[in-house]
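Asks: turn this into a structure:
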Amino acid sequence: MSLVERVRAALEDWRDVREVPGLGGLVFEWDGDPLVGVVDDELVVRAEGGGWATVTGDIDEWLARSADVVIAECVVRWHGELRAGGLDANQAMLALVRHDPEREQLQRILLDVTRGADRDLAQLAVTCLGHVGRIDREVLPEVLARLEELIDDPVLGGTAEDARGDIEMHTHSFLLWRRHESAWVIFAPPGDAEVARQCALVEEPDVVVVVPHAETVPSLPEYVLGLVREVEERTHTMDEECGLTLSDPAKPGLRFVLEYDGDIAALQPLLNDWEDLVAVVKEHYLLVW
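Replies: Take a look at the predicted model:
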């Protein structure tokens, strides 16, 4: 297999790759930016600081290094396009969400854009804040605070609510305030701040029942199974066509939070061994279905 064929094979799963003549040989462009070339049967890659370097060795490794150089250059260009505004700013913002390594700085820039006069760009910035939460699984505290401010905005409110939901879904172990999108039973430490925060977001007719001192409950697996069955009975409906019990969006959500003063993770095998219960540890919580 020739060097060109080996490079093609290495780039097979890369998106937006194009082959063009260049450097006296063949250059492979990645999303319009020169990435790697084959010249006189030698591999040439992008070099830090500009230009090209002839290299030998593992092609995949050199492709990754060359991609890092390209991305670093692109990030600088994308920031300039975002500052300039206009049509290019939209694509630049989306690209930065995927590739900018300075994640905290990026979030602060997006927050600034949400306050700008360009409402279309502000709306995209709100969406991008949701994407950051989904990709990174964490956001700055001021991001959620800003999204809360925007919920009542006539233009940005719906997008802000979607972004908040996207962030919550990917940055928190459970969602008490999203109907039918949480574990049915959640073990949490007594007085847990996240439980209190999310309980405050739950709106009627949904119900969250907090049970204190769950460590004192006798026959705990049997008790939890009873709670799971109660949730299923009150929030699900039998689909006669498929013969399955399915979540019914028309019914209010119901979840139980059991405050457990002890080793919550130690309960996982105990509950998983009990009939149809499934228990999963996430952070310092135990989620049960």
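Asks: only C-alpha atoms for contact and neighbour calcs from this point on.
Replies: Will do.
Asks: now the residue nearest to residue 94 when sequence neighbours are not counted, what's its secondary structure?
Replies: Of all residues not flanking residue 94 in the chain, residue 128 sits nearest, at 7.0 Å (Cα to Cα, 6 or more residues apart in numbering). Three-state call for residue 128 (DSSP: H, G, I helix; E, B strand; the rest coil): helix.
Asks: quick check: residue 128 touching residue 97?
Replies: Yes: contact criterion Cα atoms under 8 Å: residue 128 and residue 97 qualify, at 6.7 Å.
Asks: what's the single longest helix in the chain?
Replies: The longest helix of the chain (DSSP state H) is helix 59-84.
Asks: what is that helix packed up against?
Replies: Counting contacts by 3 or more Cα pairs under 8 Å, 6 or more residues apart in numbering; DSSP states H and E, helix 59-84 packs against helix 3-10, strand 33-39, strand 42-46, helix 87-99.
Asks: any chance of TSV for those, columns distance to residue 222, mean neighbour count and mean pLDDT?
Replies: Shown next, in TSV, are these (distance: least, Cα to Cα, whole Å; neighbours: other Cα atoms under 10 Å; pLDDT from 0 to 100):
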stretch	distance to residue 222	mean neighbour count	mean pLDDT
helix 3-10	54	14	93
strand 33-39	60	22	94
strand 42-46	63	21	95
helix 87-99	46	17	93
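Asks: need these in TSV (columns: distance to residue 206).
Replies: Output for the helices and strands packed on helix 59-84, formatted as TSV (distance: least, Cα to Cα, whole Å):
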stretch	distance to residue 206
helix 3-10	52
strand 33-39	51
strand 42-46	56
helix 87-99	34
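Asks: re the thing from before, show me which residues of the longest helix of the chain are buried.
Replies: Neighbour-count burial for helix 59-84, counted by 16 or more other Cα atoms under 10 Å, picks out 59, 62-63, 65-71, 74-75, 78-79, 81-82.
Asks: tell me which helix or strand the spatially closest residue to residue 208 that is not a sequence neighbour sits in.
Replies: Nearest residue to residue 208, sequence neighbours excluded (Cα to Cα, 6+ apart): residue 255, at 4.9 Å. Element membership of residue 255 [criterion: DSSP states H and E] is strand 254-259.
Asks: contacts for that strand?
Replies: With contacts defined as Cα atoms under 8 Å, 6 or more residues apart in numbering, strand 254-259 is touched by 176, 180, 182-191, 206-215, 227, 231, 234-235.
Asks: put the buried members of those into a PyMOL selection.
Replies: In PyMOL, a selection of the buried entries from those looks like this (16+ other Cα under 10 Å):
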select buried, resi 176+180+182+183+184+185+186+187+188+189+190+206+207+208+210+212+214+227+231+235
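Asks: in helices, which of the contacts of strand 254-259 fall?
Replies: Going by DSSP H, the helices hold 227, 231, 234-235 from the contacts of strand 254-259.
Asks: so can I have a markdown table of those residues showing pLDDT?
Replies: Listed next are the ones in helices among the contacts of strand 254-259 as a markdown table, based on pLDDT from 0 to 100:
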| residue | pLDDT |
| --- | --- |
| 227 | 96 |
| 231 | 94 |
| 234 | 93 |
| 235 | 92 |
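Asks: pull out the buried residues from whichever helix or strand residue 170 is part of.
Replies: For residue 170, the element it lies in under DSSP H and E is helix 157-171. Buried residues in helix 157-171, counted by 16+ other Cα under 10 Å: 157, 159-171.
Asks: output the contacting helices and strands for the helix or strand of the chain at the bottom of the mean pLDDT ranking.
Replies: Within the chain, confidence by mean pLDDT, DSSP states H and E is lowest for strand 244-247 among all helices and strands, at a mean of 81. Under the contact definition 3+ Cα pairs under 8 Å, 6+ apart, strand 244-247 sits against strand 236-239.
Asks: tell me which strands the strand it packs on pairs with, and in which orientation.
Replies: strand 244-247 (antiparallel) (DSSP bridges).
Asks: which residues touch the partner strand?
Replies: Counting by Cα under 8 Å, 6+ apart, 180, 232, 235-239 sit against strand 244-247.
Asks: residues contacting residue 264?
Replies: Here residue 264 is in contact with 187-188, 284-286 (Cα under 8 Å, 6+ apart).
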